[in-house]
Every structure is written in structure tokens, then in C-alpha cells.
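> sequence first, predicted coordinates after that:
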Amino acid sequence: MKRFIQGQSSSRQFAQRRALLQMARFQPFSVASRWFPNEPARPIIKTAFPGPKTQESIAKYGEISCNKQQHFPIDLQESVGNYIADVDGNKYLDLFTSISCIPLGYNHPEMAKASKSDLMKQVLTVRTGLSVNPPLGYLEVAEKAFMDVAPKGMTRVGGSMCGTCSVEASFKHAMMAYAGKKRGGSGDQFSKEELESVLLNQAPGSPMYSVLSFNSGFHGRSLGALSATRTNPLHKVDFPAFDWPSAEPPRYKYPLSENAEYNKE
């Protein structure tokens with residue numbers, strides 16, 4: 001009897017696994033399709049890349065601004081979900097998402113709904129300095145957007161305009177905290193010498209602190225973030241930089257099964 005029950009359980013588990021595999025096989029975009037029912041099932045290619053309209057657009061843009069890093073202009077109205085559309089009517093599976101700026105996909109219905117709210121219209125048309133004059137209701141927005149998903153132990157948050165700004169802010173917060181500890185815990189009791197020397201970009205007001213970063217890491221394009229960036233030399237050439245140290249990051253060797261001893265080190 002016991003053996004029969006075990007056999008029944010194994011058969012049921014096998015059937016469940018088979019059903020899950022079939023779902024994964026025939027519904028690969030099941031999550032996306034819930035939000036983007038009109039998302040293409042596969043890329044749509046109508047022209048060679050770059051297409052004629054793409055080339056024309058990039059050339060015209062170069063007449064008034066720098067176009068050296070342009071991949072191609074986007075048709076945002078035609079882009080949907082995980083697929084990005086160019087101006088020639090081609091649609092590509094997008095694994096870049098504008099440097100991860102569009103993690104929810106193109107034209108997400110909930111984002112479109114939020115953009116039509118009175119609050120969104122107000123903050124877009126009347127942009128205040130949030131640190132000086134936060135609008136009524138901003139506290140609730142910050143609590144819902146940030147504190148509801150904050151890691152355990154994180155109780156404070158500060159907004160930034162972009163990734164580079166966030167990196168710069170993290171550098172400054174770390175340096176301010178370190179300097180405050182050196183003063184005995186005071187973060188805003190500065191000496192006369194500090195206040196005078198900092199306007200000359202000299203110590204002790206401008207201390208010689210350093211940020212250690214990994215080689216091959218990109219952190220942004222402001223001067224501080226670039227000093228920690230060590231990827232493409234064209235990102236940094238011609239700009240002054242802080243004399244900050246770097247180190248080689250740990251790198252796994254693949255396949256893992258053949259490099260277990262190396263990767264342990």
C-alpha cells in the first residue's frame with residue numbers, strides 16, 4: 001500500500017512538471033502578454049539596418065548636435081513591451097532598454113494611466129526644487145515609491161535625477177559621514193580654516209579622500225563619477241580627474257564545472 005501511494009505521488013509530480021514545461025514552451029511571453037497583448041511574437045524586419053529614414057534622421061541630428069553615440073532614433077508610439085521600433089518600421093527585441101531606463105517595457109498601460117493623473121500633470125508643469133520647496137503630497141509619494149521597497153534597515157532616502165547623480169551623491173554622503181566622525185560626530189560644525197580653504201579647493205576644507213573602484217566599471221559622466229569609471233577611454237579623455245585608485249574585480253572563469261578550484265580563490 002505504501003509503495004502504491006509513493007508511485008501515485010511520483011506520477012502526479014511528473015504530470016505537474018510536464019504541464020509546467022508545456023506552459024513554458026508554448027507561452028514564453030505569458031507575463032508580458034498580460035500587459036502587452038499586442039506585443040509582436042518575434043522581431044519584424046522591413047529594411048536593412050540602418051534603414052534610409054534612420055540614416056537621414058541621424059544625419060540631420062548631427063547638424064545641430066552630437067550624433068556620434070546614436071544607435072538609431074526610436075518610434076515611441078510603435079514600440080511596445082519588450083520590442084523597440086525604429087523610424088523605418090523595424091521592430092527589435094530590446095535587451096538594452098535605454099541603459100535599463102525602461103525596465104517595465106515600452107508604453108506600459110499602468111505607466112500611461114499614471115501619466116494622466118492630476119498629480120503627474122502638476123509636477124511636470126510646475127517643477128519645484130524638491131529639497132527647498134517640496135509640493136504638498138510629495139512626502140506620501142516618496143514613502144510609497146521608495147520606503148515601501150527599501151531594504152531592511154534603510155530608513156532614509158534622497159532623490160536624484162539620474163544614475164550619475166546617485167553615484168555622485170553616494171560619494172558625497174560617504175565623505176560627509178567620514179568627516180563628521182573625524183570631528184567627533186558633528187556633521188555641520190566646521191572650523192574657520194575649513195570654510196576658507198574649501199573655496200580655494202585646498203585642504204582641510206577639500207580633503208584628499210579617495211574612492212576605490214574596479215577596473216572595467218562604468219559609473220557615470222560627471223567628473224567625480226568619471227574618476228571612478230575605467231571602461232571606454234573616450235568617456236574620459238580631455239577631462240581632469242581625481243587621482244583615485246582602482247583594482248581588478250574578481251572574475252569567474254567558465255565553464256564553472258571546469259574551473260571550480262580557480263573560482264574558489
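Thanks, I have it.
> how much space separates residue 58 from residue 72?
Residue 58 sits 7 Å away from residue 72, going by Cβ to Cβ, to the nearest Å. Backbone N, C-alpha and C define where each C-beta goes, glycine included.
> overlap in contacts, these two.
Among the neighbours of residue 58, those also in contact with residue 72 (Cβ atoms under 8 Å, 6 or more residues apart in numbering) are residue 50.
> the two: who's more crowded?
residue 72 (20 against 17; other Cβ atoms under 10 Å).
> what about the more buried one, helix or strand, and which?
Using DSSP states H and E, no element contains residue 72; it sits outside every helix and strand.
> which residues are in contact with it?
Counted by Cβ under 8 Å, 6+ apart, residue 72 has contacts 49, 50, 54, 58, 86, 87.
> just checking, which of the residues you listed belong to helices?
In this view, these that belong to helices under DSSP state H are 54, 58.
> most surrounded residue in the contacts of residue 72?
residue 86 (23 neighbours).
> contacts for stretch 93-108?
By Cβ under 8 Å, 6+ apart, the residues outside stretch 93-108 that reach it are 32, 35-36, 42-43, 76-77, 79-84, 110-111, 163.
> pull out the buried members of these.
Among the contacts of stretch 93-108, those buried by neighbour count (16 or more other Cβ atoms under 10 Å) are 35, 36, 79, 80, 81, 82, 83, 84, 163.
> is the nearest residue to the last one once chain neighbours are set aside in a helix, a strand, or coil?
Counting by Cβ to Cβ, 6 or more residues apart in numbering, residue 220 is the residue found nearest to residue 163 once chain neighbours are left out, at 6.1 Å. Classification of residue 220 using DSSP: H, G, I helix; E, B strand; the rest coil returns coil.
> check contacts around residue 220.
With contact taken as Cβ under 8 Å, 6+ apart, residue 220 is in contact with 162, 163, 164, 165, 167, 168, 226, 229.
> contacting residues for the fourth one?
What that stands for is residue 165. By Cβ under 8 Å, 6+ apart, the contact set of residue 165 is 220, 222.
> next SSE downstream of the host helix or strand of it?
Element membership for residue 165, per DSSP H and E: helix 163-182. Following helix 163-182 in sequence order, the next helix or strand is helix 192-197 (DSSP H and E).
> in that following helix, what's buried?
194, 197.
> helices or strands up against the following helix or strand past that helix?
Heading C-terminal from helix 192-197, the first helix or strand you meet, by DSSP H and E, is strand 213-214. Packed against strand 213-214 by the contact rule (3 or more Cβ pairs under 8 Å, 6 or more residues apart in numbering; DSSP states H and E) you find strand 246-247.
> circling back: buried members of the contacts of residue 220 into ChimeraX, please.
In ChimeraX, this line selects whichever of the contacts of residue 220 come out buried by 16+ other Cβ under 10 Å:
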select :163,164,167,168,226,229
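> can you tell me how far residue 66 is from residue 58?
Residue 66 sits 11 Å away from residue 58, going by Cβ to Cβ.
> ditto for residue 217
Counting by Cβ to Cβ, the separation of residue 217 from residue 58 is 29 Å.
> pull out the buried residues from stretch 188-208.
Within stretch 188-208, the residues that qualify as buried are 194, 197, 205, counting by 16+ other Cβ under 10 Å.
> surely the last one meets residue 179?
So the one you mean is residue 205. No. At 10.0 Å, residue 205 does not count as touching residue 179 under the criterion of Cβ atoms under 8 Å.
> tell me the mean pLDDT over stretch 168-180?
Rounded to a whole number, the mean pLDDT of stretch 168-180 is 94.
> buried set for stretch 165-183?
In stretch 165-183, the ones that count as buried by 16+ other Cβ under 10 Å are 166, 167, 168, 170, 171, 179.
> got it, and stretch 228-241?
Of the residues in stretch 228-241, 228, 229, 230, 236 count as buried by neighbour count, 16+ other Cβ under 10 Å.
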